[in-house]
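Chemist: the following block contains a protein sequence and its predicted model.
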Amino acid sequence: MNVLSLFAGIGGMDLGLQRAGMTVVGQVEIDPFCRSVLARHYPEVPKHDDVRSAVAWWESQSRPRVDLVAGGFPCQPVSLAGLGLAQEDERWLWPAMLDVIRAVGPEWVLWENVPGLRTRGLDIVHADLVRLGYRHRVGRLRACEVGAPHARARLLGVAHAPRLGRGTRRPGGPAGEAAHRHDQPSQGLARRATPPRTGAGHWASEPGVGRLVDGLPRELVEHHLRAYGNAIVPDVAEHVGRLIADAHALSGASTPSLAA
């Protein structure tokens, strides 16, 4: 499966989906530091710097088929730790991600965000995807459920529609088939979670970076810490990616259940 990665950050989502057997064919990320990380680990993957102009960039030349559009659109507008401006916040970039989905017409969509989205925009995301003809399911997954030594709860949405060809998707899909399962517990997503990655008492994917290092100037570490803080745990992306890949491989693929 080919993936177009939006809001790619330092590649946490991309790494997890690669582990699930997928191929990243494009990356969009606005932060220069994060793009430098992507350039080092994905030198062969085409990159763009702004999701708001990503459609024009992607359509500017011949591109491979995209099976999955994936991305964690900015959480600050809906985070309970933020100002709560939601759709009034200029960082509310779900509409830009939707524009890419509409233009590229992938069979699958995967998005990630913080739990605050449940009451600050999840209904909009769901309605938009159903309007494009997708069946959409949402679940919550904590990093500790795939072996991490911290909770880090996140909402993840998976949407699927039979491929209608490259370009704009048919509007107004079968709403009766759409499932809005954002109120379900995380056990559904975690029921096939991978076991903890252990070795000498440490989780292999946990970066060895503390939140405070005496003597180091803030300018030296702030980009790294912000990038780590915004990244999805790769094992979470891998787990959901495997669910998608398994469903995709089946004849008459359907949206994998994210609930118990």
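Modeler: That came through fine. In this text the structure is predicted, and so the values were computed from the model without any measurement.
Chemist: now H126: how far from V104?
Modeler: Using CB to CB, to the nearest Å, H126 is found at 20 Å from V104. For the C-beta atoms, the positions are set from N, CA and C on the backbone; glycine is no exception.
Chemist: helices along this structure, start to end?
Modeler: Secondary structure of the chain by DSSP state H: the helices cover 12-19, 32-41, 54-58, 94-104, 122-131, 187-190, 218-230, 234-249.
Chemist: any chance of a markdown table for the ones you listed, columns mean neighbour count and mean pLDDT?
Modeler: Formatted as a markdown table, those follow (neighbours: other CB atoms under 10 Å; pLDDT from 0 to 100):
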| stretch | mean neighbour count | mean pLDDT |
| --- | --- | --- |
| helix 12-19 | 23 | 97 |
| helix 32-41 | 15 | 96 |
| helix 54-58 | 17 | 98 |
| helix 94-104 | 20 | 98 |
| helix 122-131 | 19 | 97 |
| helix 187-190 | 20 | 44 |
| helix 218-230 | 13 | 72 |
| helix 234-249 | 22 | 95 |
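Chemist: and A81, which of those helices is closest to it?
Modeler: When these are ranked by proximity to A81, the top entry is helix 218-230, at 11.3 Å, counting by CB to CB.
Chemist: what bridges to the residue most central in space within the chain?
Modeler: In the chain, the residue lying closest to the centroid (CA atoms, centre = their mean) is G71, at 3.3 Å. Applying DSSP bridges to G71 gives these bridge partners: L6, W111.
Chemist: ok, now R135?
Modeler: Under the criterion used here (DSSP bridges), R135 is bridged to H160.
Chemist: repeat for the one 5 residues further on
Modeler: The partner list for R140 in beta bridges (DSSP bridges) reads L155.
Chemist: and it, how many neighbours does it have?
Modeler: Neighbours of R140 under the rule other CB atoms under 10 Å: 23.
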